[in-house]
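Visitor: A predicted structure for the sequence below; I have some questions about it.
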Amino acid sequence: MTATEYALRTDGLGKRYRRTWALRDCSLSVPTGRVTALVGPNGAGKSTFLRLAVGLLAPTTGSVEVLGESPATNTPQVLSRIGFLAQDHPLYKHFTVAELLRLGRSCNLRFDQGLAERRLAQLEIPLDRKAGALSGGQQAQVALALALAKRPDLLVLDEPMASLDPVARLEFLQALMGAVAADGMTVLFSSHVVPELERVCDHLIVLNHSRVTLAGDIDSLVDEHRLLVGPRTTADLDRAGTVVEATHSERHTTLLVRDGGLPAAPGWQSSPVGLEDLVLAYLRRPAGTEVAPTARTEVPA
């Protein structure tokens, strides 16, 4: 990828706390102008990766570039191009919403207060209300308005809907996608809820065991994988090199394989795989296992 094609790029990125690696050997690119889903179980390294990306942590190994520059420099010019919203969407609870907007304007080079005020007016969130008196959904919307008012080129969201009810989650997503459609920013979105990500994201990164286990455009990844169902076999299926997951019933074996759309072996039925099943299969894989991208799967008869 060239500098104009990616918003974030890492090379061998790693973060260690004493003897424990929170993230290791992370090399990937986040395309510009896309909404990228970051998925992984608790402890996989998602929050560590996001904090490295926005300059809140310094890497132990490797490098990270955001919009062609290192966020670790912490210069106003670099940070002004990055928006970040943490899981607990922290706000000064004793500040009114108007005071929070004034604080945002004073701390950011290109803060668009008018944009924030219009968004909050549409949501009927009063500017004279203290942040601590707002509902959880309203606090999330205020935090999102503050992040969007920076007019960032890259918006990083660390599970921002984790504590929201279903209605608040929907309203948050609608506000986010409206902003993406209007401004064309790049978004990196971490969440546990895959169906929600499938609605708004077009690129996927799966982190597990502190490493990247899958990355690419969602449509392409789904097309490259499929489910195969055939006679039960006890053969060493991992020798095929493309088997992501194998499950067995009394009479049948079900394989999730990555094969780029090659035809199934005789006696086996092939069907598409959904994004959630695909992600779960990669999350269930043990540490240290790799999946070949498009090699042919030889399924024993």
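Guide: That came through, no problem. Numbering: from 1, shown residues only.

Visitor: how about the helices in this structure?
Guide: Ranges of helices within the chain are 46-53, 76-79, 97-107, 113-122, 136-149, 166-183, 194-200, 218-224, 275-284, based on DSSP state H.

Visitor: format those helices as CSV; extra columns: mean pLDDT and distance to Arg19.
Guide: C-beta here means a position set from N, CA and C on the backbone, and glycine is covered the same way. Compiled in CSV, the helices of the chain are given as follows (pLDDT from 0 to 100; distance: least, CB to CB, whole Å):
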stretch, mean pLDDT, distance to Arg19
helix 46-53, 91, 15
helix 76-79, 80, 31
helix 97-107, 94, 37
helix 113-122, 93, 44
helix 136-149, 91, 35
helix 166-183, 85, 38
helix 194-200, 85, 32
helix 218-224, 93, 34
helix 275-284, 93, 25
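
Visitor: any chance of these in CSV, plus distance to Arg211 and mean neighbour count?
Guide: Output for those, formatted as CSV (distance: least, CB to CB, whole Å; neighbours: other CB atoms under 10 Å):
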stretch, distance to Arg211, mean neighbour count
helix 46-53, 11, 24
helix 76-79, 27, 14
helix 97-107, 35, 16
helix 113-122, 37, 16
helix 136-149, 28, 23
helix 166-183, 28, 15
helix 194-200, 19, 16
helix 218-224, 17, 16
helix 275-284, 11, 19
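
Visitor: go through those and name the closest to Leu13.
Guide: Leu13 lies closest, by CB to CB, to one member of those: helix 46-53, at 6.3 Å.

Visitor: helices and strands around the closest one, which ones?
Guide: strand 6-17, strand 20-31, strand 35-39, strand 61-66, strand 154-158, strand 186-190 (3 or more CB pairs under 8 Å, 6 or more residues apart in numbering; DSSP states H and E).

Visitor: contact partners for the nearest residue to Ser135 once chain neighbours are set aside?
Guide: Leaving aside its chain neighbours, Ser135 sits nearest to Ala168 (7.5 Å; criterion: CB to CB, 6 or more residues apart in numbering). Contacts here follow CB atoms under 8 Å, 6 or more residues apart in numbering; on that basis Ala168 touches 135-137, 140, 161.

Visitor: and these, which two are furthest apart?
Guide: Maximum distance among the contacts of Ala168 (CB to CB): 13.6 Å, for Ser135 and Met161.

Visitor: between these two, which one's more packed in?
Guide: Neighbours were counted for Ser135 and for Met161 using other CB atoms under 10 Å; Met161 has more, 25 against 12.

Visitor: the stretch 201-301 of the chain: strands as residue ranges?
Guide: 203-208, 211-217, 225-231, 243-248, 252-258, 269-271 (DSSP state E, counting those that start in this stretch).

Visitor: reformat the helices and strands packed on helix 46-53 into a markdown table and put mean neighbour count next to each item.
Guide: Putting these into a markdown table (neighbours: other CB atoms under 10 Å) gives the following:
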| stretch | mean neighbour count |
| --- | --- |
| strand 6-17 | 19 |
| strand 20-31 | 18 |
| strand 35-39 | 25 |
| strand 61-66 | 19 |
| strand 154-158 | 24 |
| strand 186-190 | 24 |
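
Visitor: what's the closest of the ones you listed to Asn208?
Guide: strand 35-39 (8.9 Å).

Visitor: and for Asp112, the neighbour number?
Guide: Neighbours of Asp112 (other CB under 10 Å): 15.

Visitor: same check, this time on Tyr92
Guide: 12.

Visitor: still on that earlier bit, would you reformat the strands of the stretch 201-301 of the chain as TSV and include distance to Gly40?
Guide: Formatted as TSV, these follow (distance: least, CB to CB, whole Å):
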stretch	distance to Gly40
strand 203-208	4
strand 211-217	9
strand 225-231	18
strand 243-248	16
strand 252-258	18
strand 269-271	26
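
Visitor: deepest of the ones you listed, which one?
Guide: strand 203-208 (a mean of 24; mean count of other CB atoms under 10 Å).

Visitor: what's the closest non-adjacent residue to the residue nearest the centre of the chain?
Guide: Nearest residue to the geometric centre of the chain (CA atoms, centre = their mean): Leu38, 1.9 Å. Distances taken as CB to CB, 6+ apart put Ser190 closest to Leu38, at 4.2 Å, once the chain neighbours are dropped.

Visitor: so the one you found is in contact with Asp158, correct?
Guide: Yes - judged on CB atoms under 8 Å, Ser190 makes contact with Asp158 at a distance of 5.1 Å.

Visitor: common neighbours of these two, please.
Guide: Going by CB under 8 Å, 6+ apart, residues that sit against Ser190 and also against Asp158 are 46-47, 50.

Visitor: which of these lies closest to His252?
Guide: For those, the nearest to His252 is Lys46 (35.0 Å; CB to CB).
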